[in-house]
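Colleague: below are the sequence and a predicted model; questions follow.
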Amino acid sequence: MKPARFVRLPAVSRLGIRPGRVPRPSSWTSLVLWGLAALVAAALLLPLAYLVMRAAGAGEAAWQSLFRPRTLDIVGRTLGLALAVTGLSALIAVPLAWLTVRTDLPLRRVWAVLTPLPLVIPSYVGAYLMASALGPRGLVQQLLEAPFGVTRLPEIYGFPGALITLTLLSYPYMLLSVRAALLKIDPALEEASRSLGHDAWTTFRRVVLPLLRPAIGSGGLLVALYALRDFGAVALMRYDTFTRVIYVQYRSFDRSQAALLALVLVALTVIFLALEAREHGRARYHQSGAGAARPPTLARLGIWRWPAFAFCAGVVFFSLGLPAGVLAYWLIRGLQAGEAVPGLGPAAWNSVLASGLAAAATVGAALPVAILAVRRPGPLTRRLERLTYSAFALPGIVIALALVFFGVNHARWLYQTLPMLVLAYGILFIPQAVGALRAALLQIHPNLEEAARTLGRRPVEVFLKVTLPLLRPGLVAGASLVFLTAMKELPATLILAPIGFKSLATEVWSAVSEAFFARAAAPALLIVLMSSLPMTFFILREQRADDRVDA
Amino acid sequence: MTETIVRCENLTKTFRDAPAVYDLSLSVSRGEILALLGPSGCGKTTTLRLIAGLERPDAGQIFIGERPVAGPATWVPPERRGIGMVFQDHALFPHLTARQNVAFGLQKLKPARVQETVEHLLQLVGLGGLAERYPHELSGGERQRVALARALAPEPVLLLLDEPFSSLDADRRAVTREQVRAILRSLGATAIFVTHDQEEALFLGDRLAILHQGRLEQIDAPEVIFHAPATRFAAEFLGHTDFLPGEVTADGILTEIGLIPQRVALPVGAQVELAVRADDVTLEPSRNGARAILLARHFKGAVNVYRVRLPSGRLLHSLQPHTLNLRPGTPVRVWSAPGHPLACYHEGKRVPLLEA
């Protein structure tokens, strides 16, 4: 008999009451976990640290040029664009959310599925389709020329093009956030307002809208962040916000200047992120306790059904129908001219290769972070987890730029190699991997690991035989998310790819930059199809939540 | 003749082909508190929501006073019915303070009047000091009372309460219940409230309406329902009733515990069920001829309640003085001599008595 084993049992079960605590691991496991985590942390810190060093070492001339009115101009343009996109998105998203969740709008379910879909179009693809449709001598002008003699459309390049493109692509962020909040509002609140003598409109204004305010705020900040960090749309629409200026600056080899501008952009992003975090916290605070007890009754729109229908149809037409039509047009044109398909093979292979490597590496790096965050919660792990989210503050172009500096000056052997590109993808997309793994780990009750330990398994065996198999759905989810996002990434790929490396994204970019619209169609279509996959899963899940409403 | 505040006639409401309320008629007079009582899913909340205007009836009519508010050709939306409602989870607006919640329905009053009314109501429900708190800063009982004050503020002709105490803990529930009753009585309010708790219904209701599967089983004063439940369900739901099958004979009803000399308007040989409460059943320990077994004793101070298993396996309860102290396992002889007619049911419906 071995009494020692039995003595340990009560301690184990007592710890099991607090999920997130496992029996004291062997120091060896800890060492490995923390060692890996430290490596990940170092990689994550690299871009920002290097950028700061570089900016600190910038000459006086660079600093002086930073304080020229031109910089202020860029700040103004960037913020102006972000605010305009946010405002316009709110005007589209809030009515859309209400109509598709709470009314007897004709084809309500169809609109509910279609309206978030523009999310799957990367901004440079959206800009390409807008520019080729609405630009000078674009499709729309050609359509209008014969019957109406229209030879010029209002200028699309610059602010209007950037505004329209970014709004039509990013309003779904606000739509989804507001819709989720609407689904969560207890219908009894509206009923209470009605029973206290307020009509439907006053109820919306005095009860629903105030309750949606946090969701509108945090959704709006997501939209603003999207506009702030976007490179593809502003670059193709030739509107000089930070990302485009940084890119131009980098191409002209004025790299210290680019580093300074990048830091200003990071500062702006951090401000918006802080605002978002605050709004998010408030949203939780505002939530009423019990949640929706009974499904809401749908508001009757009466004669307003048809204007509402036209509104939804219009939004879907401009954000989805028009881009799809234009893409189809260019695809057919390209196929007829025989320039769509050739050359696609290597680019597609490169995309799959780079994204696949990125998916594997990122999930591998995220695993120790997620395990530490979930199983050893503490101040240090919390900081580590937060660090993985730094990519939200660092736009892709900023990370790419920092890695270029680092490669050129300190790691020539890494510069313009595939591993460097994979590293950039990893830094950019590790938040998604950590998120997926974290969620999956939280599903695995520590009791299971404890049970394995009490059955005599060593920590490594427990990890390999219990944790890892149970974690597989999370690993697959995280890896596919990273794979699909890396597939459509543009600025980091442009800047860091090895010479001669062509991916689907860079193919679209170079074709559109030179106005070979037909050549861009096939790779653009592939990218859109790829990024539709996770969206489809998301919509299916939301639909299930919505099923209750029609009960 | 008292004034009728609300009248429902033949209301039917169907959800997905399953009738939630079927052919329901009831009315409530001024100053009366009616309890809608029944198990969950019996249609009591739907009835309340139909009266409030939160659901449209498929058939039937509703009148508030003499004004039709719902019917084949009429529909008055909830905001124009002048009915106050206290929701199950209170439904306090989380973005407004207690004061703002109470003032929410007073949009037609002048600001000074609003202020005055809100103060008055918050005092009335004993929350004068908590006016500036947000709902999440209030306890369950306090939230309950804010919800009540909010519903009362516009001086509704009728107050509806949907399981008003179900979200409170057991000990808070008793206190809050008493406060609410005192407030409603002091205002002479007319109210309908929904509950599945018969103790609550007896405590608050002037009359009870028993609902079962969307149908009204009985509506009457609590005492009447208790003494003469109209249906087997009503008898069963009001609790502490055992059912004893029997057969109608020329001399009375023959049951397992002997003949109950009671004449009913049914042919000889008809199968019936008798509702027997513990005070209707007598027992004594018996060595010979005893076929029932004493299972358990509940000592309730002044009395003992015994649970007895009859030879058929059926359980009965018997109320005995505390002086009769028997051990579980004792064989007993059981009979019934209630001294009053027992409620008798044939196919679930009460059988009228024949005057002897």
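Modeller: Arrived safely, thanks for sending. Residues are numbered from 1 along each chain as shown, chains lettered A, B, ... in the order given.
Colleague: pLDDT below threshold where in chain A?
Modeller: Applying pLDDT under 70 to chain A flags the ranges A:1-27, A:279-295, A:339-343, A:452-456, A:535, A:538-539, A:541-551.
Colleague: spell out which residues make up each domain of it.
Modeller: Under the assignment automatic domain parsing, the domains of chain A span A:25-57+A:340-515, A:60-337.
Colleague: tell me which parts of the stretch 51-200 of chain A are close to chain B?
Modeller: Proximity of the stretch 51-200 of chain A to chain B is assessed by CB under 8 Å from any CB of the partner chain, with A:186, A:188-189, A:191-199 identified as the residues in range. Every C-beta, even on glycine, is put in place using the N, C-alpha and C of the backbone.
Colleague: taking those residues one by one, which sit in helices?
Modeller: Under the assignment DSSP state H, these contribute A:188-189, A:191-195 to helices.
Colleague: ok, A:Asp240 - contacts?
Modeller: With contacts taken as CB atoms under 8 Å, 6 or more residues apart in numbering or on different chains, A:Asp240 has the following neighbours: A:73-74, A:77, A:234.
Colleague: got the residues of chain B near chain A?
Modeller: B:16, B:52-55, B:77-85, B:87-89, B:91-95, B:104-105, B:107-108, B:135-136, B:150-151, B:153-154, B:167.
Colleague: could you tell me which of those belong to strands?
Modeller: Residues from the residues of chain B next to chain A lying in strands, with DSSP state E as the criterion: B:83-85.
Colleague: next, format the residues you listed as TSV and append neighbour count and pLDDT.
Modeller: Written out in TSV, the entries for these read as follows (neighbours: other CB atoms under 10 Å in any protein chain shown; pLDDT from 0 to 100):
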residue	neighbour count	pLDDT
B:Ile83	28	90
B:Gly84	27	90
B:Met85	29	90
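Colleague: just the closest of the residues you listed to chain A, please.
Modeller: Out of those, the one with the shortest distance to chain A is B:Met85. That distance is 4.3 Å, counting by CB to the nearest CB.
Colleague: list the contacts of that closest one.
Modeller: B:Met85 sits in contact with A:191-192, A:195, B:48, B:52, B:151, B:159-162, where contact means CB under 8 Å, 6+ apart.
Colleague: can you pick out the most distant pair from these?
Modeller: Farthest apart among the contacts of B:Met85 by CB to CB are A:Glu191 and B:Leu159. That separation is 14.8 Å.
Colleague: the residue in the stretch 201-350 of chain B positioned nearest to chain A: neighbour count?
Modeller: The minimum distance from the stretch 201-350 of chain B to chain A, using CB to the nearest CB, falls at B:Gly214 (17.0 Å). Residues near B:Gly214, counting by other CB atoms under 10 Å in any protein chain shown, number 23.
Colleague: quick check: longest helix in the chain by residues?
Modeller: Reading this off chain A. Within chain A, and with DSSP H defining each element, the longest helix by residue count is helix A:69-102.
Colleague: should've been chain B
Modeller: Assignment by DSSP H; longest helix in chain B turns out to be helix B:170-187.
Colleague: closest one to A:Ala58 out of the contacts of B:Met85, please.
Modeller: Where those are concerned, and distances follow CB to CB, A:Ala58 has its nearest neighbour in A:Ala192, at 60.5 Å.
Colleague: give the buried residues for whichever strand or helix holds A:Gly474.
Modeller: The secondary structure element spanning A:Gly474 is helix A:468-488 (assigned by DSSP states H and E). Along helix A:468-488, these residues count as buried under the neighbour rule (16 or more other CB atoms under 10 Å in any protein chain shown): A:470-471, A:474-475, A:477-488.
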